[in-house]
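K.L.:
test case, fold it:
(one chain, ligands or ions: 1)
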Amino acid sequence: MTSLIAAVSWSLHLVLFVLGLITATSSEMIAAIVRPGIFRHVMCRNNLYPRSGVLRYPVPDELVYWSEDYGEYCPPFYTAPHINGQVWADAPLPSETFKPQWNQLDGNVNRVSYHGAYHIKDGLPRNPIGRTGISGRGLLGRWGPNHAADPIVTRWKRNDSGGMVSDSKTGKNILQMVAIQRQDNKLWAIPGGMVDPGENVSVTLKREFTEEALNFTDKGLMVEEFFKSGGVQVYSGYVDDFRNTDNAWIETMALNFHDQDGTKVGQLNLTAGDDAMNVRWTDMDGSLKLHANHADMVKEVAIRLNAHW
Ligand code: BGC
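P.N.:
Numbers count the residues shown, from 1 in each chain. Below is the predicted model of the structure:
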């Protein structure tokens, strides 16, 4: 009975949230929504797998979760040929010589999911959110979680005389974020990247930002200082990425680095580098369309800074 009441109240909460009648107040809200058994991925279903001719096996909404019976489910197995042999990738399959330690730190490779222990089925990790219509690793290097890190760098939008600009409808000040346009799917995104084995997430955040948005690896003292101030964590968990498969998926940790008076990173000239086609300061609001579920992470920043969305 108690669990029934809890389930009903949770569903009601979710419906209200989706209808926009209540606003999320903390990062737990996003984390709770992107959670096994609650969240259904969209970007990694019912399409052609990127950079391949492999069509995903159809996965309708109601059959995403592994707990739903889908007898005829028969996803093709695909690992992009160029993945094999890369230093950043696992061996083609677990074997006598490659015995991954799932759900733990395996040497310096982090095989731990933010969503708790994932299941191992037929010797391979199983996507914690559900079916994707494809097995194997696709374009991803690791079996199981592939860890990324995303720096959401923000400043207030200002007019020519330096005053903050607010939205005429909400009356709230408008935030701007550094967004890059990705080479692979041409979508605008947070300038994040993959965490190298043994690397501290803070190092990944700074490196990816400087490589993708400033196009110089010699960071410069100011950028160094700005990132040292420490960001505010807004999300950690599964990313609804178009490369995910039944056995390999991306998880990220997103941190907000906010330049309150716009005198630090807010002043820098942005230059697209590395995997980015374009880079710009982008106004943040509800109509922003970004890669994967990046917009949800960015929205969280707007809520926390009481900005227009
Ligand atoms: C990107 C990250 C992103 C992750 C998941 C990586 O390629 O660099 O910004 O969060 O993919 O989509």
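K.L.:
how about the residues of this structure that lie near the ligand?
P.N.:
148, 150, 189, 190, 192, 193, 239, 241, 250, 252, 292 (C-beta under 6 Å from any ligand atom). For the C-beta atoms, the positions are set from N, CA and C on the backbone; glycine is no exception.
K.L.:
what about 5 Å?
P.N.:
Counting by C-beta under 5 Å from any ligand atom, the chain comes close to the ligand at 148, 150, 192, 193, 239, 241, 250, 252, 292.
K.L.:
let me know the pLDDT of residue 295.
P.N.:
What the model reports as pLDDT for residue 295 is 96.
K.L.:
now residue 208
P.N.:
91.
K.L.:
isn't it up against residue 149?
P.N.:
Yes: Residue 208 lies in contact with residue 149 (C-beta atoms under 8 Å); the separation is 6.9 Å.
K.L.:
between those two, which contacts overlap?
P.N.:
Counting by C-beta atoms under 8 Å, 6 or more residues apart in numbering, the shared contacts of residue 208 and residue 149 are 192, 193.
K.L.:
quick one: distance of stretch 109-127 to the chain centre.
P.N.:
17 Å (C-alpha atoms, centre = their mean, to the nearest Å).
K.L.:
tell me, how many residues neighbour residue 94?
P.N.:
Neighbourhood size, residue 94 [other C-beta atoms under 10 Å]: 15.
K.L.:
ends of stretch 53-66, how far apart?
P.N.:
Using C-alpha to C-alpha, to the nearest Å, one end of stretch 53-66 lies 26 Å from the other.
K.L.:
got the contact list for it?
P.N.:
If you take C-beta under 8 Å, 6+ apart as the criterion, stretch 53-66 is touched by 36-37, 40-41, 44-49, 68, 70, 73-76, 78, 119, 126, 129-134.
K.L.:
put the buried members of the residues you listed into a ChimeraX selection.
P.N.:
Buried members of the contacts of stretch 53-66, defined by 16 or more other C-beta atoms under 10 Å, are picked up in ChimeraX with:
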select :36,40,41,44,45,49,70,75,78,126,129,130,131,132,133,134
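K.L.:
okay, domains of the protein per the record?
P.N.:
Domain segmentation of the chain under automatic domain parsing yields 1-33, 148-239+250-304.
K.L.:
per-stretch mean pLDDT over those domains, give me the minimum one.
P.N.:
Among these, domain 1-33 carries the lowest mean pLDDT, at a mean of 51.
K.L.:
so what's the residue count around the closest residue to the ligand within the stretch 51-200 of the chain?
P.N.:
Closest to the ligand within the stretch 51-200 of the chain is residue 192: 2.7 Å, counting by C-beta to the nearest ligand atom. By other C-beta under 10 Å, 27 other residues sit near residue 192.
K.L.:
cool, residue 268 as well?
P.N.:
Residue 268: 18 surrounding residues under other C-beta under 10 Å.
K.L.:
what's the answer for residue 194, then?
P.N.:
18.
K.L.:
would you map the strands across this protein?
P.N.:
With DSSP state E, the ranges of strands along the chain come out as 77-79, 105-106, 109-110, 120-121, 124-125, 135-138, 144-156, 175-182, 188-189, 193-194, 232-238, 248-259, 276-283.
K.L.:
I'd like the average pLDDT over stretch 64-75.
P.N.:
Computed over stretch 64-75, the average pLDDT equals 98.
K.L.:
just the endpoints, please. Distance across that stretch?
P.N.:
Using C-alpha to C-alpha, the gap from the first to the last residue of stretch 64-75 comes to 13 Å.
K.L.:
check stretch 60-77 too.
P.N.:
End to end - C-alpha to C-alpha - stretch 60-77 spans 19 Å.
K.L.:
then stretch 57-66?
P.N.:
From its first residue to its last, stretch 57-66 covers 15 Å (C-alpha to C-alpha).
K.L.:
buried residues, it. List them.
P.N.:
57, 59, 63, 64, 65, 66.
K.L.:
and those, which is closest to residue 165?
P.N.:
Nearest to residue 165 out of these is residue 64 (C-beta to C-beta; 40.9 Å).
K.L.:
contact partners for the residue nearest to that closest one when sequence neighbours are not counted?
P.N.:
Closest residue to residue 64 apart from its sequence neighbours, by C-beta to C-beta, 6 or more residues apart in numbering: residue 130 at 3.9 Å. The contact partners of residue 130, by C-beta under 8 Å, 6+ apart, come to 36, 40, 41, 59, 64, 65, 66.
K.L.:
any idea of the pLDDT on the fourth one?
P.N.:
We have a pLDDT of 98 for residue 59.
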